[in-house]
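Undergrad: my questions concern the predicted model and sequence given below.
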Amino acid sequence: MLGSLRQKARALTRECHALYFAARDPRTPWYVKAFAAGIAAYALSPIDLIPDFIPVLGILDDLVLLPLAIVLVLKLIPAGVMAESRVRAAEAAARPASRGVTIVIVLIWIAALAVTGWLAYRWFGG
């Protein structure tokens, strides 16, 4: 059972990577690009919107909301674009991972949170 879950997790990660490639394809409509890029960024990011240590809600986004969002965006992406993107994602999965990319993603999330906090302070606090 654990092996099956690992395979499903890898397949989901590959699908999210394919969404990233599909979002960058010029044949994908702009609104689908924005939606797919947001889903891929959230899914591949080490930071969750709802932290996993919060009972029930922490796992809800990973188990329910993320797969539903992926299914929705998959229906919006042209079939040819998605097929090519899946091939590119499979090729990319065969290459070793980069810690530099993880650091960049974490820095982007930190910057986004800092800007949001600053804007909230300026808007509400001061």
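TA: Now that the structure is in, tell me what you want to look at. Predicted model, so just to flag it, every value in this text is computed and none were measured. Numbers count the residues shown, from 1 in each chain.

Undergrad: mind listing what's buried along the host helix or strand of Ala23?
TA: Using DSSP states H and E, Ala23 sits within helix 2-24. Buried residues in helix 2-24, counted by 16 or more other CB atoms under 10 Å: 15-23. Where C-beta positions appear, they are placed from N, C-alpha and C, glycine not excepted.

Undergrad: tell me which of these has the lowest pLDDT.
TA: Lowest pLDDT of these: Cys16, 78.

Undergrad: quick one, domains of the protein?
TA: What automatic domain parsing lists as the domains of the chain is 2-95, 98-126.

Undergrad: quick one, which of those domains is packed in tightest?
TA: domain 2-95 (a mean of 15; mean count of other CB atoms under 10 Å).

Undergrad: gap between that domain and the chain center?
TA: Between the centre of domain 2-95 and the centre of its chain there are 5 Å (CA atoms, centre = their mean, to the nearest Å).

Undergrad: so which residue is dead centre in this protein?
TA: Computing the C-alpha centroid of the chain and ranking residues by CA atoms, centre = their mean puts Ala40 first, at 2.3 Å.
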